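*Asks:* Predicted model follows, preceded by the sequence.
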Amino acid sequence: MLSELRSVGFETITKSERFDDLVECYNYWIDTILQLSDTAPSILDIRWIMFLHKEFQQAIISTMCGSYLDAMRTLRFMFELLVQSYALETKFKDLQAGNRYNLVLEGLEQMRKQRRSFGSNLIEEMEGFSEMEKQKLRELYDHLSEFTHPSITHFELELPPTFAFDPLALDLCVGSIVKVTDLMTAIAIERSPQISEKAGIYFKKTAEELRMQMTVTRLRR
């Protein structure tokens with residue numbers, strides 16, 4: 001199995017033009033985490049550091065190794081983590097940091113009691129996002145969900161039963177990673193506007209090349 005993983009990784013690097021896009025997406029996580037430091041506790045910041053980094057790496061590794069469905073499932077988790085954290089935090093944004101932190105935890109506890117950790121209504125509560133952007137986010141969530149639950153989509157992909165390079169599946173994963181990266185960066189800018197102010201030419205140029213529209217919109221403000 002290790003030889004298969006190495007083979008797929010090698011083919012991904014040498015045969016696909018989209019490998020560079022994976023690298024650029026990871027760089028956006030690095031660039032945003034440096035700016036998201038708060039003197040007060042924040043659920044979003046904690047999750048950004050403790051969970052998002054590892055999950056981001058997992059999505060990239062799964063894509064590199066030909067485990068494309070695992071990559072898509074990981075991306076849905078990242079999507080839910082980002083939207084849930086941001087929506088809950090901005091809901092209590094006018095409160096002091098300590099009170100806001102406790103209320104977000106209470107909200108998460110309530111979700112657990114209801115056995116519903118995520119709902120599409122959270123997308124509606126994304127402050128600073130336009131109706132068009134929210135619609136795009138709903139479509140992205142539906143898209144990612146197709147790969148999380150057993151569905152006909154799995155048959156339509158016609159993926160090989162073993163770890164193997166598949167250019168179409170790779171393109172699907174990379175495209176989805178770019179969209180989740182766009183969401184992540186847009187949230188980071190809404191949360192910390194100084195990211196936009198300090199963004200260099202390369203940061204902006206790459207966002208345009210990757211067609212990260214939500215990010216580009218905020219960088220142009």
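*Replies:* Great, that's in hand.
*Asks:* the helices in the chain, which residues?
*Replies:* 2-15, 19-33, 43-47, 53-64, 68-91, 97-113, 121-124, 131-148, 152-157, 167-191, 194-198, 201-209, 213-219 (DSSP state H).
*Asks:* pLDDT (mean, whole number) over the second one?
*Replies:* Going back to what we said before, that points to helix 19-33. Computed over helix 19-33, the mean pLDDT rounds to 83.
*Asks:* Next, count neighbours for D182.
*Replies:* 25 (other Cβ atoms under 10 Å). Any C-beta I mention is one placed from the backbone N, CA and C, and that applies to glycine too.
*Asks:* what's the spacing between it and G175?
*Replies:* 11 Å (Cβ to Cβ, to the nearest Å).
*Asks:* How far does stretch 194-208 sit from its chain's centre?
*Replies:* 18 Å (Cα atoms, centre = their mean, to the nearest Å).
*Asks:* got it, and stretch 136-153?
*Replies:* 14 Å.
*Asks:* Quick one: residues contacting the most centrally placed residue in the chain.
*Replies:* Centroid check for the chain by Cα atoms, centre = their mean gives V180 as the closest residue, at 3.3 Å. By Cβ atoms under 8 Å, 6 or more residues apart in numbering, the contact set of V180 is 59, 75, 78-79, 82, 140.
*Asks:* switch the cut-off to 10 Å
*Replies:* 25, 55-56, 59, 74-79, 82, 140, 144 (Cβ atoms under 10 Å, 6 or more residues apart in numbering).
*Asks:* One more: F77?
*Replies:* 51-52, 55, 58-59, 118, 144, 148, 180.
*Asks:* same deal with K93?
*Replies:* 100, 127, 191.
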